[in-house]
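Peer 1: After the sequence you'll find the predicted model.
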Amino acid sequence: MLPHALVVPAGAEDDGVVGEQHEDQEHGVEPARPPLSEARARELTAGLREAMDDVRRSVAVLAARVRDAHAARVWAPLGHGSWESYCRAEFGISRAQAYRLLDVARALAAIHDAVAAGPETSRTRDTDPGAAAALDYGLSQRALIAVSGRTDAVAEIITRRLAALAHSGLQALDMATVRAVVRQAVRDVRSAPPPAPAEPPADPAVAALRAVVDDLAASSHAIGELMLEVAPAYLSDTEAAEVLALLCDEIGEPLDHGLAARRYALTGDHRALAGTVL
C-alpha cells in the first residue's frame, strides 16, 4: 500500500462509482486496463523496491557530503555568514531543514564509526573514507533524524551486538549482517522511551509536574508520527501546513500544535513543543 502522500486524490469527475458514461464524456475516459498478471505485479514491485533503495542510498551520499561541506565551512569562501544562510541561498531550504541535514550527517557518521570499530568488519575498513561514509545501511532520512539525539545509544548497541556475533564463531561479518544489526539498533532506539533523569526531583510537586510534561511529550510524539504519515519529512513546515490543515481540523487539534508535534517527532527535541503543547 502506497503512503497517503503518494495517493492521487479523485478528480472532480471521478466519484469512484462505476456506472454508465455520458456520450460527451466518452473521449475523456481512460480505456479499461487488462487485469494485472502476477508476473507483471512482481515486476512493478521489484521496480518500486529498487527506487526505494535508490532513495535510501542517496540519503547516505547526501549525509556524507553535508558533513564534509560543513566541516570545511564551505559557506565562508562563497560570502555567506553561516551554514543556515548558505543553505537558504544555495538550495532554497529553511533553517530547520539545514540543521536536519546536519542531524542526518552526524547520525550516519556515528553509526559508521561504530561499525568500523567493530571486530572483523574489514569490508567497511577497506573502503576509502568517502565511500565508507556513504555505505548503505538501508536507513531513511526520517530514521536518522529520529535517533540524531541518541547516537551514543545506537553506537553502543551496534558495537555490543557486532562483538557478540564475532565471538559466536563467525569468521567475518559480511555487509548484509552488519546492515541488519544497524537497522535493528536504530529501530530499538527509536521505539525505546527517552531515558529518565538520573536523579528524580526531591520536591514531589516538581516530580509530579515533570511526569505531566513527560506524558504530554509522549502524546505529542505519537501525534507527530501521525502527522508524518500524512506530511512526510521532506516537506517544509509551510508545505506541511497546507497538507495537515484538514487533518488537524478533523481531529480537533490546532494546526500549530500539529506542526509542533511533527517537528518533535522529527527531532526528538522538547524545544520543538515550546509555546504550543508545552
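Peer 2: Thanks, I have it.
Peer 1: For residue 236, list the residues it contacts.
Peer 2: 93-94, 96-97 (CB atoms under 8 Å, 6 or more residues apart in numbering). In this view, the C-beta of every residue, glycine as well, is placed from N, C-alpha and C.
Peer 1: Pull the most distant pair out of those residues.
Peer 2: Spatial extent of those (CB to CB) is set by the pair 93 and 96 at 8.6 Å.
Peer 1: so how far is residue 92 from residue 142?
Peer 2: Residue 142 is 21 Å from residue 92, where distance means CB to CB, to the nearest Å.
Peer 1: Sorry, wrong one. I was asking about residue 224.
Peer 2: 25 Å.
Peer 1: try residue 160
Peer 2: 42 Å.
Peer 1: quick one, which of the two is more surrounded?
Peer 2: Counted by other CB atoms under 10 Å, residue 160 and residue 92 do not tie: residue 160 has more neighbours, with 14 against 9.
Peer 1: Can you give me the separation between the more buried one and residue 108?
Peer 2: Residue 160 sits 19 Å away from residue 108, going by CB to CB.
Peer 1: Check residue 167 too.
Peer 2: From residue 167 across to residue 108, the span is 26 Å (CB to CB).
Peer 1: Could you do residue 260 as well?
Peer 2: Taking CB to CB as the measure, residue 260 falls 26 Å from residue 108.
Peer 1: So those two - more neighbours on which side?
Peer 2: Neighbours per residue, other CB under 10 Å: of residue 260 and residue 108, the larger number sits with residue 108, 27 against 24.
Peer 1: pLDDT weak spots in this structure?
Peer 2: Along the chain, segments meeting pLDDT under 70 span 1-32, 56, 118-136, 168-172, 193-201, 233-234, 267-268, 277-278.
Peer 1: so what does the biggest helix by length in it touch, helix or strand wise?
Peer 2: The residue-count maximum for a helix in the chain (DSSP state H) belongs to helix 38-71. Helix 38-71 sits against helix 95-117, helix 129-133, helix 141-146, with contacts defined as 3 or more CB pairs under 8 Å, 6 or more residues apart in numbering; DSSP states H and E.
Peer 1: Can you name every helix or strand that the first one contacts?
Peer 2: Judged by 3+ CB pairs under 8 Å, 6+ apart, helix 95-117 is in contact with helix 38-71, helix 83-91, helix 122-125, helix 129-133, helix 141-146, helix 151-167, helix 175-191, helix 255-267.
Peer 1: chain center to the fifth one: distance?
Peer 2: Its chain's C-alpha centre and that of helix 141-146 lie 3 Å apart, by CA atoms, centre = their mean, to the nearest Å.
Peer 1: that older thread, which of the helices and strands packed on helix 38-71 sits closest to residue 256?
Peer 2: helix 95-117 (14.6 Å).
Peer 1: just the angle between that closest one and helix 38-71, please?
Peer 2: 100 degrees (axes from the mean of the first three to the mean of the last three CA atoms, to 10 degrees).
Peer 1: Which element, helix or strand, includes residue 77?
Peer 2: Using DSSP states H and E, residue 77 is not contained in any helix or strand.
Peer 1: Against residue 84, how distant is it?
Peer 2: 17 Å.
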